[in-house]
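Undergrad: With the sequence up front, the predicted model follows.
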Amino acid sequence: MDACDVLIAGGGPAGSSCAWGLRGSGLDVAILDRETFPRDKVCGGWITPQVLSELAIDPAEYARDHVLQPITAFRTGWIGGPAHETGYPAPVSYGIRRREFDHYLLQRSGARLVPPAPLASLRREKGAWIVNETIRARLLVGAGGHFCPVAKLTGAKPARENAVVAQEAEFEMNGREQGACLVRPETPELYFCPDIKGYGWCFRKNNFLNIGLGRLDQHRLSEHVAAFVRFLKSTGRIGFEIPAALPGHAYLLWGVSGRKVSDDRVLLIGDAAGLAYKQSGEGIRPAIESGLLAAQAIAKAQGNYSRETLAGYEALLARRFGKSGQDWASRLGAHLPSAWIGAAGRRLLDTRWFVRDVVIDRWFLHANEPAL
């Protein structure tokens, strides 16, 4: 049986960052993922300069072999209404392809990669976890996304949770499609639903186009997606048919997820912990930061992975992202008529200062938050 100090279940940005944060710790760290990397991952896919700084990634070096699309503007509005463009003098974010980015992080993580397999069984034995009857680990880190099996150990019930749901596709455009696409690579386009319960995006990365829509309301998602695609065509943003099937996925927002992120010999990071930003749903930076914070907590534990010792990780998350639980705005919104919220939201989206200072800088870019 293979043995390790820390087994990370999930090789995405959260898991890879946790392993990278533990390099030089003297711990034997292994990563288990069901997929063989590189693998396709449904995701809008952009990162801020703070992410590059946190992971010590040289953008010029990364861009030599991977897509790294500089973003210097955003086009925003609401579906069916006008749109405004907000520009910046220098790149404020970068578009990446998750297939490339995740593989890059995994390769540089410094962890041992065990043969790909789903996490099919878990049991306790003499102060350790036995995984798939083939791996013994002293500490188990769940980094397998919304449906991570490790999260179920701490009481998560994905089928009952109020998750954000999304459908999206990323595909390479041919020459004709490139000529029929008005979306500029340096300017992602964001369009909010009329009821302000979600938004759609159209984001070009070189010759790749990512189109999708996510909503807090899980009902009739496909209808909202179809209406958004019709809107893009009617306004001339795209002049061709997109793939018929848009894969779906789900994730939880920090502050309303309610998931228990630590327990005896268990930690949850990334989407397994429900850490996506509340206003934008963006999850790459929270995933990476949670992985790095988990690495700090693990190193500090010095081999004592009790429930009491690992509780310090939750304190690190609260200090970085705020305490869990609905904020006052969410509670107030639950008691106001949706028509009022929608009308107020659409009016604000027509206000340039609100779009720049609040929607883009604060909600999407978190520009006021320095790197860890």
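TA: Yep, it's here.

Undergrad: Quick check, pLDDT for the closest residue in space to Gly155 that isn't next to it in sequence.
TA: Excluding the flanking residues, the one nearest Gly155 by Cβ to Cβ, 6 or more residues apart in numbering is Lys260, at 5.7 Å. In this view, the C-beta of every residue, glycine as well, is placed from N, C-alpha and C. Looking at Lys260, its pLDDT reads 93.

Undergrad: Next: Pro91.
TA: The per-residue pLDDT of Pro91 was computed as 96.

Undergrad: ok but it is inside a strand, no?
TA: No. Assignment of Pro91 by DSSP: H, G, I helix; E, B strand; the rest coil gives coil, placing it outside any strand.

Undergrad: Skipping adjacent residues, who's closest to it in space?
TA: Pro70 (3.9 Å).

Undergrad: Can you give me the neighbour number for the one you found?
TA: For Pro70, the neighbour count with other Cβ atoms under 10 Å is 14.

Undergrad: so what's the backbone phi/psi at it?
TA: Dihedral pair for Pro70: phi -60, psi 140, per degrees, to the nearest 10.

Undergrad: Show the contacting residues for it.
TA: 91, 94, 186 (Cβ atoms under 8 Å, 6 or more residues apart in numbering).

Undergrad: first vs last residue of stretch 188-204, how far apart are they?
TA: 7 Å (Cα to Cα, to the nearest Å).

Undergrad: What is the distance between it and the centre of its chain?
TA: Relative to its chain's centre, stretch 188-204 lies at 16 Å (Cα atoms, centre = their mean, to the nearest Å).

Undergrad: next one: stretch 258-268
TA: 19 Å.

Undergrad: Can you give me the first-to-last residue distance of it?
TA: 12 Å.

Undergrad: Likewise for stretch 239-258?
TA: With Cα to Cα applied, stretch 239-258 spans 42 Å between its terminal residues.

Undergrad: That stretch: which residues count as buried?
TA: 242, 246, 249-257 (16 or more other Cβ atoms under 10 Å).

Undergrad: From these, which land in strands?
TA: 249-251 (DSSP state E).

Undergrad: Among these, which one sits closest to Cys4?
TA: Nearest to Cys4 among those, counting by Cβ to Cβ, is Tyr251 at 27.8 Å.

Undergrad: can you tell me which residues contact that closest one?
TA: 145-146, 163-164, 166, 271, 274, 276, 281, 283.

Undergrad: Now for these: which two are most distant?
TA: Based on Cβ to Cβ, the longest span within the contacts of Tyr251 runs between Ala166 and Gly274 and measures 14.9 Å.

Undergrad: Including distance to Leu7 and pLDDT, could the buried residues of stretch 239-258 go into JSON lines?
TA: As requested, those are exported to JSON lines (distance: Cβ to Cβ, whole Å; pLDDT from 0 to 100):
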{"residue": "Ile242", "distance to Leu7": "39", "pLDDT": "89"}
{"residue": "Leu246", "distance to Leu7": "33", "pLDDT": "87"}
{"residue": "His249", "distance to Leu7": "24", "pLDDT": "88"}
{"residue": "Ala250", "distance to Leu7": "25", "pLDDT": "90"}
{"residue": "Tyr251", "distance to Leu7": "23", "pLDDT": "90"}
{"residue": "Leu252", "distance to Leu7": "23", "pLDDT": "91"}
{"residue": "Leu253", "distance to Leu7": "27", "pLDDT": "90"}
{"residue": "Trp254", "distance to Leu7": "24", "pLDDT": "88"}
{"residue": "Gly255", "distance to Leu7": "28", "pLDDT": "78"}
{"residue": "Val256", "distance to Leu7": "29", "pLDDT": "78"}
{"residue": "Ser257", "distance to Leu7": "23", "pLDDT": "75"}
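
Undergrad: so which pair among those is furthest apart in space?
TA: Top of the distance list for those (Cβ to Cβ): Ile242 and Gly255, 32.9 Å.

Undergrad: Does Gly80 lie in a helix or a strand, and which?
TA: In the assignment (DSSP states H and E), Gly80 maps to no helix and no strand.

Undergrad: Look up the pLDDT of it for me, please.
TA: Model confidence at Gly80 (pLDDT) stands at 91.

Undergrad: For the residue most central in space within the chain, list the residues it contacts.
TA: The chain has Gly283 as the residue nearest its centroid, 2.2 Å off, counting by Cα atoms, centre = their mean. Residues in contact with Gly283 (Cβ under 8 Å, 6+ apart) are 251, 270-271, 275-277.

Undergrad: Okay, it and Val51: tell me how far apart.
TA: Relative to Val51, Gly283 is positioned 12 Å away (criterion: Cβ to Cβ, to the nearest Å).

Undergrad: ok, now Ala297?
TA: With Cβ to Cβ as the criterion, Ala297 and Val51 are 20 Å apart.

Undergrad: go on, Cys18?
TA: Distance from Cys18 to Val51, by Cβ to Cβ: 15 Å.

Undergrad: Leu292 too?
TA: 11 Å.
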